[in-house]
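[1] return atomic coordinates for the entry below.
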Amino acid sequence: MSQRTLVLLKPDAVRRGLIGEIIGRVERKAGWTVSAMELRTLDRETLERHYAEHVGRPFYEPLVEFMSSGPSVALVVEGERVIEGLRALAGPTDPIAAAPGSIRGDFGTIVRENLVHASDSPESADREIKIFFPELG
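    Now for the predicted structure:
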């Protein structure tokens, strides 16, 4: 069953010059395709919609500040089991716990600046794609 998911290459990935490396890993996965992509600095309104479930948590404001600190790359990726697969490719949020070969395991440094976001469910993917690419909703 083909799925769509949202992937964000966060400001730390862009600053560190990892766009090509990360997108290359996605593109090399057989059967996955990038169907939309945009480089932009995210505004507070977009981030508030994206992270709405985290409002009031201690990490919310630092997260919004970090995510608006520079450009990010938003991607829609399509393919078989792409939601589960991209989360595995990203690795756990904590780079120390992330396995070598995962994006965070190979390039991660700290938990808060963890290089990538990948939707965690079909429902989240649908909601997030509508935020970043409303024309695809």
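[2] which element follows the helix or strand hosting Glu21 toward the C-terminus?
    Using DSSP states H and E, the element containing Glu21 is helix 19-28. As assigned by DSSP H and E, the chain's next helix or strand after helix 19-28 is strand 33-40.
[3] which residues touch that next one?
    Residues from elsewhere that reach strand 33-40 (C-beta atoms under 8 Å, 6 or more residues apart in numbering): 4, 14, 23, 26-27, 71-79, 132-133, 136. No exception for glycine: its C-beta is placed from N, CA and C like everyone else's.
[4] which other helices and strands does the helix or strand following that strand contact?
    Counting by DSSP H and E, the next helix or strand C-terminal to strand 33-40 is helix 44-50. Here helix 44-50 touches helix 60-67, helix 122-132, going by 3 or more C-beta pairs under 8 Å, 6 or more residues apart in numbering; DSSP states H and E.
[5] how about CSV for those, with mean neighbour count and distance to Ile103 added?
    Shown next, in CSV, are the helices and strands packed on helix 44-50 (neighbours: other C-beta atoms under 10 Å; distance: least, C-beta to C-beta, whole Å):
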stretch, mean neighbour count, distance to Ile103
helix 60-67, 16, 17
helix 122-132, 17, 18
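[6] how far away is the most centrally placed residue in the chain from Ser35?
    Central residue of the chain (C-alpha atoms, centre = their mean): His117, 2.3 Å from the mean position. To Ser35, His117 is 17 Å away according to C-beta to C-beta, to the nearest Å.
[7] likewise Leu42?
    From Leu42 to Ser35 the distance is 20 Å (C-beta to C-beta).
[8] if we can go back for a sec, need the helices and strands packed on helix 44-50 in JSON lines with mean pLDDT and distance to Leu18, can you?
    Shown next, in JSON lines, are the helices and strands packed on helix 44-50 (pLDDT from 0 to 100; distance: least, C-beta to C-beta, whole Å):
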{"stretch": "helix 60-67", "mean pLDDT": "96", "distance to Leu18": "16"}
{"stretch": "helix 122-132", "mean pLDDT": "97", "distance to Leu18": "19"}
